[in-house]
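**Student:** Structure here, sequence nowhere to be found:
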């Protein structure tokens, strides 16, 4: 059984940057991240071992340094953290920062802002705070009636196909549309590579946090191609029966999955009879 | 055999306005239109009978009044007509004027302007003159590589489906898109009504200039629905064999088709055994 690993599996630029910023703080006291730094429980555990804890309360007394996670935070909370007097280390992904800037700009220019994304995702909650009162959040499936002048920004990890469908719907309703395609290239390339890999194998192992939107999306994509797909967080979850009658198995991973977890999964599959292929 | 006439068959707002402006000049001397006022040979003939002639030369000596047609003209020609000293009556459709304004605005805001339309159509030639050096003209099928910041305006008589497809292509290439949906409501409604009518009859008679883009589009639409479709300019072209085994026949007409031509077609079909239905 051949094992093929997607080239772009694992950490993207924004996540790598945030992790580096976090580890640089690992000897300090009173370091907290506001919510989990990234959507990967194993990385969060590693950070905790280095004294970097997660908090939901930005006003607790023992904070000396607050690390803002890759997804960013709403503007009013950002103001509060700055006012709180402790150090703020902003690890918001620069691409998310850009999307926040565009949401604000569209609002200022008089557009009704439409955000394409998951309304429960912290990135989208952050974007909302910049988008003004008339903001509309949509997953692309349902959409309330819109005004004549609409501005669109996109959660950085959304698939482009969803944005295309949304444009087709919005253009039926609005006369002027300004779109910032804030989907990051890393997401688009990862999805594309995963699709190519999946079409070439008998089973796909998707590695990453169950709470990671972009990892879940990779799993959905593989399933939609009718490929046997298993979404796991760590090597421990691997089951030999998944690889029954499999000649080629593909591994891909979300933007918040560290290299060592992907390596462990690969090793586990080797123990189950796999041998390295040429990657994608 | 029942005859059903589309409610919105015939003159749209912009054409009606231009015709009224032209007839108001019918007693004057030296009145010319720059190119045919609208794309309907029979109407052009009626205007000629009233002394309003067509010219391609805006500098001829005998012009006293020049009428600018519904489709508008390029900016440099407009400047020349104003400098020429004769009276200029601008019958450019107000919706086309708006599209010209948006093309200019997009250029000023630093967008590469993309015009969705037929590059040979006078309206598009006019729009181009406002869109700047990097303008791209597309019929929606082919598209040269685009810049990162793209602004879109649309020939007012294009179908919305074509704009939707174009957006899907542009969003793959450009990061910022500003779209003015300059398709006029009259075009959209006429297409919608014609589609509904066509689905309800056994044959469609589409009336209007063979050189009229929006009339040709109506005929294409009917054919695409696999309905027996005949595109005629006048009642004289009607053939009885087209109505063989037809229980219901629909009539629709382009924006530049006058009421009297539609009426004549209806009468001719009545002579062939048709009786009026309830319209759409």
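**Tutor:** It's in. Treat the numbers as computed from the prediction; the structure is a model and nothing was measured.
**Student:** Enumerate the residues of the stretch 101-250 of chain A near chain B.
**Tutor:** The stretch 101-250 of chain A comes close to chain B at residues A:160, A:163-164, A:167-168, A:171-172, A:174-181, as judged by CB under 8 Å from any CB of the partner chain. (Each C-beta comes from the backbone N, C-alpha and C, glycine too.)
**Student:** Strands along the stretch 51-200 of chain A, start to end?
**Tutor:** Using DSSP state E, counting those that start in this stretch, the strands of the stretch 51-200 of chain A run over residues A:53-55, A:65-68, A:87-90, A:112-116, A:136-138, A:149-154, A:176-180.
**Student:** In CSV, list those along with mean pLDDT and mean neighbour count.
**Tutor:** CSV is the format used below for the strands of the stretch 51-200 of chain A (pLDDT from 0 to 100; neighbours: other CB atoms under 10 Å in any protein chain shown):
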stretch, mean pLDDT, mean neighbour count
strand A:53-55, 95, 14
strand A:65-68, 96, 20
strand A:87-90, 96, 16
strand A:112-116, 98, 26
strand A:136-138, 95, 20
strand A:149-154, 98, 25
strand A:176-180, 98, 22
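**Student:** Pull the number of nearby residues for residue A:128.
**Tutor:** By other CB atoms under 10 Å in any protein chain shown, the residues close to residue A:128 number 20.
**Student:** Equivalent analysis for residue A:272, please.
**Tutor:** For residue A:272, the count of nearby residues is 17 (other CB under 10 Å).
**Student:** Not counting its neighbours along the chain, what's nearest it?
**Tutor:** Distances taken as CB to CB, 6 or more residues apart in numbering or on different chains put residue A:240 closest to residue A:272, at 5.2 Å, once the chain neighbours are dropped.
**Student:** cool, residue A:44 as well?
**Tutor:** Counting by CB to CB, 6+ apart, residue A:44 lies nearest to residue A:36, which is 4.9 Å off, once chain neighbours are set aside.
**Student:** Under a three-state scheme, what state does that neighbour occupy?
**Tutor:** With DSSP: H, G, I helix; E, B strand; the rest coil as the basis, residue A:36 sits in coil.
**Student:** residues near it, how many?
**Tutor:** 19.
**Student:** contacting residues around it?
**Tutor:** By CB atoms under 8 Å, 6 or more residues apart in numbering or on different chains, residue A:36 lies in contact with A:44, A:54, A:69.
**Student:** wait, which of those residues is closest to residue B:154?
**Tutor:** Closest approach between those and residue B:154, by CB to CB: residue A:69, at 41.9 Å.
**Student:** any idea how far the nearest residue to residue A:101 once chain neighbours are set aside lies from chain B?
**Tutor:** The shortest distance from residue A:101 to any non-neighbouring residue, by CB to CB, 6+ apart, is to residue A:130 (7.7 Å). Distance, residue A:130 to chain B, using CB to the nearest CB, to the nearest Å: 17 Å.
**Student:** Run a quick check on residue A:130 versus residue A:76, I expect a contact.
**Tutor:** No. Between residue A:130 and residue A:76 there is no contact under CB atoms under 8 Å: 10.6 Å.
**Student:** Compare the two (neighbour count), which wins?
**Tutor:** residue A:130 (23 against 8).
**Student:** List the residues that contact the more buried one.
**Tutor:** The neighbours of residue A:130, taking CB under 8 Å, 6+ apart as the test, are A:75, A:100-101, A:103-104, A:107.
**Student:** Neighbours of residue A:97, how many?
**Tutor:** When neighbours are counted by other CB under 10 Å, residue A:97 comes out with 14.
**Student:** Over to residue A:257?
**Tutor:** Using other CB under 10 Å, residue A:257 is surrounded by 30 other residues.
**Student:** Ok, residue A:196 next?
**Tutor:** Neighbour count for residue A:196, taken as other CB under 10 Å: 12.
**Student:** Same check on residue A:161?
**Tutor:** Around residue A:161 there are 11 residues (other CB under 10 Å).
**Student:** Brilliant, that's me finished.
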